[in-house]
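J.: For reference, the sequence and a predicted model appear below.
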Amino acid sequence: MQAAMHLGLAFAIGVVGFSSSAATWGAWLVVAGSAMQATGATLNWLTAAEDQFATRSPGLVVNSLATFVIWPGIVITGWGVLSRL
């Protein structure tokens with residue numbers, strides 16, 4: 001799922017019709033959020049958390065925080081793509 005999102009991000013950044021600094025911020029936020037999700041999954045694996053929600057594992061915390069990083073990046077990038085149309 002992450003690979004498809006990053007391929008779409010690469011396409012979207014090429015299409016955006018606003019300043020390159022905004023496009024860069026949007027891309028970095030999406031990449032940082034993806035890295036946080038990967039870190040959360042790795043923490044769940046290292047701590048052998050079978051159900052991250054039931055055990056409230058550290059991986060769940062990192063995965064939850066990733067939402068607040070990745071969504072602004074998606075909104076910024078999506079706004080750039082839609083304003084270009």
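T.: Ah, there it is.
J.: my guess is residue 53 contacts residue 60, does it?
T.: Yes. Residue 53 is within contact range of residue 60, at 6.4 Å (criterion: CB atoms under 8 Å). To be clear about C-beta, it is placed using only N, CA and C from the backbone, and glycine gets the same treatment.
J.: More neighbours: which of these two?
T.: Each of residue 53 and residue 60 has its neighbours counted (other CB atoms under 10 Å); residue 60 has more, 18 against 8.
J.: Who are the contact partners of the more buried one?
T.: Residue 60 makes contacts with 40, 44, 49, 52-53, as judged by CB atoms under 8 Å, 6 or more residues apart in numbering.
J.: Kindly recompute the last result at 6 Å.
T.: Neighbour list for residue 60: residue 52 [criterion: CB atoms under 6 Å, 6 or more residues apart in numbering].
J.: Can you give me the distance of it to residue 38?
T.: 14 Å (CB to CB, to the nearest Å).
J.: Would you mind measuring from residue 45 to residue 15?
T.: 36 Å.
J.: between those two, which one's more packed in?
T.: Legend: neighbour count by other CB under 10 Å for residue 45 and residue 15, higher for residue 15 (13 against 10).
J.: The more buried one contacts residue 80, doesn't it?
T.: No. Taking CB atoms under 6 Å as the definition, residue 15 is not a contact partner of residue 80, at 7.7 Å.
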